[in-house]
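>>> coords please:
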Amino acid sequence: IQLLVAGLIWPFEFSLEELMPQKSLSTKAIGDKLERLVTSYYEALGFRVTRNCNVGGHQVDLIAAKYISGASLFTVMIEAKSHKVVGINQVTPFLNTASDLLRLGEIQAAVLVTDGDFTQDAQAAVRTRSGIRLCSIHDLEQDLFNYSESLLKICHDYESSERFIDYIPLAGHRNDKLIP
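All right, here's what the predicted structure looks like:
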């Protein structure tokens with residue numbers, strides 16, 4: 001599958017059939033499917049993604065790394081959970097691993113992505129944790145397909161250009177004077 005985003009084509013490493021729900025898939029196959037989808041999204045965001053890594057003695061689903069100009073390498077630990085509801089019991093091991101890897105400087109951020117929802121307890125456990133985020137696949141898609149920053153930059157660039165300053169409205173008025 002290829003996706004056109006902001007004039008660029010992003011290749012995704014999965015087929016349309018893989019996106020469709022299939023009742024006969026094993027739990028591992030469902031989890032692998034979600035990991036591949038999340039991997040594709042992070043790659044579209046410019047990250048280099050490695051699956052099933054051992055980092056600082058912890059097994060993690062995905063490590064996404066991106067060099068940020070003027071800063072350094074930014075590394076994100078990503079766990080993918082395919083559950084209808086992700087509760088505190090699934091979030092606590094993620095928080096422990098993320099906190100340890102953040103403390104060691106192995107990662108700069110951690111994200112738990114689900115194709116379901118998070119309980120209030122799970123959300124509350126993460127609310128005050130810096131660098132740790134819970135997000136649904138929908139939230140991740142919004143990050144990927146959010147054009148607001150691009151549109152604001154285009155508007156700002158246009159309004160700063162000579163073309164905007166020299167613009168004469170179709171009515172032929174400039175500063176309340178009729179232009180012949």
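>>> quote the end-to-end distance of stretch 84-91.
Terminal residues of stretch 84-91 are spaced 14 Å apart (CA to CA, to the nearest Å).
>>> tell me which residues of that stretch come out buried.
Under the neighbour-count criterion of 16 or more other CB atoms under 10 Å, stretch 84-91 has 86, 90-91 buried. Quick note: C-beta positions are derived from backbone N, CA and C, even for glycine.
>>> in strands, which of the residues you listed appear?
Counting by DSSP state E, the buried residues of stretch 84-91 place residue 86 in strands.
>>> want to throw the buried residues of stretch 84-91 into TSV with pLDDT and distance to residue 48?
Shown next, in TSV, are the buried residues of stretch 84-91 (pLDDT from 0 to 100; distance: CB to CB, whole Å):
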residue	pLDDT	distance to residue 48
86	95	26
90	94	27
91	96	26
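>>> dump the buried residues of stretch 84-91 into a markdown table; add distance to residue 26 as well.
Formatted as a markdown table, these follow (distance: CB to CB, whole Å):
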| residue | distance to residue 26 |
| --- | --- |
| 86 | 19 |
| 90 | 18 |
| 91 | 23 |
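>>> tell me the spacing between the residue nearest the centre of the chain and residue 72.
Residue closest to the average C-alpha location in the chain (CA atoms, centre = their mean): residue 140, at 4.2 Å. Noted for residue 140: a distance of 24 Å to residue 72, by CB to CB, to the nearest Å.
>>> who's residue 50 bridged to?
For residue 50, the beta-bridge partners are residue 63 (DSSP bridges).
>>> just residue 78 next, same as before
With DSSP bridges applied, residue 78 shows beta-bridge pairing to residue 62, residue 111.
>>> contacts only, for it.
Taking CB atoms under 8 Å, 6 or more residues apart in numbering, we find residue 78 in contact with 38, 42, 49, 60-64, 110-113.
>>> what does the model give the residue lying closest to residue 87 once chain neighbours are set aside for pLDDT?
Computed as CB to CB, 6 or more residues apart in numbering, the closest residue to residue 87 that is not its neighbour in sequence is residue 119, at 4.5 Å. With respect to pLDDT, residue 119 has a value of 96.
>>> could you do residue 177 as well?
Residue 177 carries a pLDDT value of 61.
>>> can you give me the helices for this protein?
16-19, 27-44, 88-104, 120-127, 137-144, 148-159, 162-165 (DSSP state H).
>>> what does the pLDDT read for the residue nearest to residue 68 when sequence neighbours are not counted?
Leaving aside its chain neighbours, residue 68 sits nearest to residue 74 (5.2 Å; criterion: CB to CB, 6+ apart). pLDDT recorded at residue 74 is 92.
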